[in-house]
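Enquirer: only geometry, no sequence info:
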Ligand SMILES: N[C@@H](CCC(=O)N[C@@H](CS)C(=O)NCC(=O)O)C(=O)O
């Protein structure tokens, strides 16, 4: 099994952190944007969107980061990162959809608004704060949903949000970033030129 990724973005980091956290037998291949690898015919045959991440498992190609997360958690049940009962699974799906339908656009709007307009993100942080009350992870125990959501909050922009009034979120981000998978996928920026 092979995953094509580019660690630095949240959709990629969530997948790579999951693979590394659980030491999954998945080869991690970092694509070269410089060489336009994601636009090559070979890669487009894997992912016609020409984006990363993507996963190849034998003759099965899968793209969309959250689909990759749930696939990996299903293939490797020892991760215990995806509930199998209907309600638990629906709960995970809820947070995965929330991440892609609400959190991601809100973070995108922030970028467009020159990183100053937090009006769309702040209410989402309050929802997370509520959800995390009395819990170590979004659903109590560690699931793929934690990987998907936190990856957006630990981007450069995510780290600059106003977390006042969100102690549960701050503690959870601390727990998540201490996980082996997130430590292993920290991007080391080159030192700024003097
Ligand atoms: N919804 C997709 C988004 C994939 C995506 O947009 N990937 C970006 C990096 S986060 C990419 O490959 N961008 C390069 C490009 O558009 O050429 C997912 O969650 O996997």
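Expert: Ah, there it is. Note that the structure is a prediction, hence the values are computed from the model and not measured.
Enquirer: Provide the contact partners of the helix-or-strand element of the chain with minimal mean pLDDT at residue level.
Expert: Taking mean pLDDT, DSSP states H and E as the measure, the chain has helix 104-112 as its least confident helix or strand, at a mean of 85. Contacts to helix 104-112, defined as Cβ atoms under 8 Å, 6 or more residues apart in numbering, come from residues 10, 117, 118, 120, 121, 124, 152, 155, 157, 158. Yep, even glycine has a C-beta here, placed from its N, CA and C like the rest.
Enquirer: The fourth one: how many residues sit nearby?
Expert: Looking back up the chat, that one is residue 120. 16 (other Cβ atoms under 10 Å).
Enquirer: check contacts around the closest residue to residue 168 other than its chain neighbours.
Expert: The spatially closest residue to residue 168, leaving aside those adjacent along the chain, is residue 132, at 3.8 Å (Cβ to Cβ, 6 or more residues apart in numbering). Contact analysis of residue 132 by Cβ under 8 Å, 6+ apart lists 138, 168, 169, 171, 172.
Enquirer: Residue 169 now?
Expert: 125, 128, 129, 132, 153, 163.
Enquirer: Of these, which is the nearest to the ligand?
Expert: residue 153 (15.2 Å; Cβ to the nearest ligand atom).
Enquirer: If you drop the residues flanking it in sequence, what lies closest to the closest one?
Expert: Closest to residue 153 by Cβ to Cβ, 6+ apart is residue 173, at 5.8 Å.
Enquirer: tell me which element the one you found is part of?
Expert: Using DSSP states H and E, residue 173 falls within helix 167-177.
Enquirer: list the buried ones in that helix?
Expert: 168, 169, 172, 173, 176, 177 (16 or more other Cβ atoms under 10 Å).
Enquirer: now it, how far from the chain's geometric center?
Expert: Its chain's average C-alpha position is 15 Å from that of helix 167-177, according to Cα atoms, centre = their mean, to the nearest Å.
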